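[1] Got a sequence here, can you build the structure:
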Amino acid sequence: MKILRRLLVVGSGRSTSKSAISFGPFNFATQTRWMKPANTAQTRLENRTRDLKLDRLTANRRRLNLILNLHRLVSARKRGPFVAIQSLSKLAPQAGIKTLPAGAFIRKYPHIFEVFTHPAYHNRCFRFTQKFIALIREEEVMIAQLEQDSVTRIKKLLLMSVNGTLHLHSLRLIRDELGFPENFRESIIRKYNTDFKMVDLEVVELAVKDCERPYMAAKVEKWREKEYKEKWLSEFEVKYAFPINFPTGFKKEAGFKEKLNNWQRMSYVKPYEKTNIVNVRSCGGVERYEKRAVGIIHELLSLTVEKMVRVERLAHFRKDLGIEVNIRELLLNHPGIFYISTKGDSQMVYLREAYSSKGCLVEPNRIYNARRMLLEVLLMGSRNTRGLNLEREVQEKQTVIVKENENKSSMVDGDFVIPILEKC
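    Here you go, the predicted structure:
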């Protein structure tokens, strides 16, 4: 009885606390159910092996997109390509700038923003530097020059589609990723009317169907051919394989290598082949259907300029390309092929084989190089680089030469001038 009283006293003393007694003389026979750890796409996304290089690239790209959004808003103003700093607080949320005050955001990037005093209103304003504007113009010129590449990308996407049609809304969402001009509907689709035909206001198809299908090959086929010739691998090992590149620190469970080898050898309907009805109930039907979806997403990412795209925008291609699966779960199931970065307010998927260990493209293109220059200007921050120092030295030399010429022209024969500021 004394022992029971002591237990009751301890229980009454702890009754005020939030946590109850786990075990005691009155509940020792109660069965406790232990929940299994959840294995969902969200938990796998949180517990995945991180790639710090690609995460850092995602954060930098997000900051650059905020600045480009602000540039579009400022350029569209009728008064001129400048904004008063007082009214910037109203314009910044429209561009997505919410983490920093508008003034601090401008002071953070002096190589992009230039602060000046308005000559008429005498208030402080800002505008974009000529160097930054020149880089944006250079990217636009590159996109216009590579118009034929955009035509080829649209053809490949149409050949991958189930019915040979695509919605323009889906293409418009990844226009920047594919390197299309802003008015690609008029400048590309309607211009090349011998290649494309508008079925509806927002649906496009090939003018002549399946004429180029035998000549189209996926990007991964070049890698397979290289592996077959250089590494002397058998066709059985390479014909349906994908390049695998796991991030540093990736843990492989028991039997993982055998499952991966079996998946690499498994056949599937390739992206540019005519889709046949896949019997899901047959042996490996679900796996073959998912592997075809992996091949389509792999080819779609290969067609982009920077080999990356937002995950939520891939969902708009599910019906047209025949990948009606949980896309995020599919990407997480193949960490050696894709990588999802969650830095910022959106999830970006990268093609792992396209990036080196330094976070740069292995095979850069002209549009990527132009965008990389914009990113380098952003990463300068408030640092005073040698390039800017050279520009200032040239400007100072020019001003000195102009002053010397003015002094020589103002001097008359017989005048005596004492150079007071010569040593200053």
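[2] what about the helices in the stretch 1-150 of the chain?
    With DSSP state H, counting those that start in this stretch as the criterion, the stretch 1-150 of the chain has helices at 2-13, 41-46, 52-75, 88-95, 102-108, 130-145, 147-160.
[3] Which one of these lies nearest to Gly285?
    Gly285 lies closest, by C-beta to C-beta, to one member of these: helix 147-160, at 20.7 Å. Quick note: C-beta positions are derived from backbone N, CA and C, even for glycine.
[4] could you give me the average pLDDT of the closest one?
    pLDDT averaged over helix 147-160 equals 94, rounded to a whole number.
[5] helices and strands around it, which ones?
    strand 165-167, strand 203-206, helix 285-303 (3 or more C-beta pairs under 8 Å, 6 or more residues apart in numbering; DSSP states H and E).
[6] Identify whichever of those lies nearest to Ser346.
    With C-beta to C-beta as the yardstick, what comes closest out of the helices and strands packed on helix 147-160 is helix 285-303 (15.9 Å).
[7] those helices in the stretch 301-424 of the chain, which residues are they?
    311-314, 318-321, 327-332, 366-380, 386-410.
[8] which residues of this protein score low on pLDDT?
    Within the chain, the set of residues satisfying pLDDT under 70 comprises 1-36, 99-100, 102, 210-215, 275-284, 384-424.
[9] And it, what are its domain boundaries?
    52-128, 217-363 (automatic domain parsing).
[10] I'd like to know which of the helices and strands packed on helix 147-160 lies nearest to His316.
    The closest of these to His316 is strand 165-167. By C-beta to C-beta, the value is 7.5 Å.
[11] Pull up the pairing partners for the closest one, direction included.
    As defined by DSSP bridges, the strand partners of strand 165-167 come to strand 203-206 (antiparallel).
[12] follow-up on the earlier one: as CSV, the domains of the chain with mean neighbour count and distance to Ile189 would be great.
    What follows is the domains of the chain, written out as CSV (neighbours: other C-beta atoms under 10 Å; distance: least, C-beta to C-beta, whole Å):
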stretch, mean neighbour count, distance to Ile189
domain 52-128, 15, 23
domain 217-363, 16, 15
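[13] Of the ones you listed, which is nearest Ile154?
    Short answer: domain 217-363, nearest of the domains of the chain by C-beta to C-beta, at 9.5 Å.
[14] The closest one spans what distance, first to last residue?
    One end of domain 217-363 to the other measures 18 Å (C-alpha to C-alpha, to the nearest Å).
[15] Run the chain-centre distance for it.
    Relative to the mean C-alpha coordinate of its chain, domain 217-363 is positioned 17 Å out (C-alpha atoms, centre = their mean, to the nearest Å).
[16] cool, stretch 114-129 as well?
    Counting by C-alpha atoms, centre = their mean, stretch 114-129 comes out at 33 Å from the chain centroid.
[17] Ok, stretch 83-92 next?
    28 Å.
[18] residues making contact with that stretch?
    Residues outside stretch 83-92 that contact it (C-beta atoms under 8 Å, 6 or more residues apart in numbering): 70, 73-74, 77, 98, 101-103, 105-106, 115, 118, 121, 123-127.
[19] can you check stretch 361-375 too?
    Taking C-beta under 8 Å, 6+ apart as the rule, stretch 361-375 contacts 60-61, 64, 68, 132, 135-136, 138-139, 142-143, 145-146, 179, 305-307, 353-356, 360.
[20] again, only using 7 Å
    Identification of contacts with stretch 361-375 by C-beta atoms under 7 Å, 6 or more residues apart in numbering yields 60, 64, 135, 138-139, 142-143, 146, 179, 305-307, 354-356.
[21] Pull out the buried positions in it.
    Leu361, Arg366, Ile367, Tyr368, Ala370, Arg371, Met373, Leu374 (16 or more other C-beta atoms under 10 Å).
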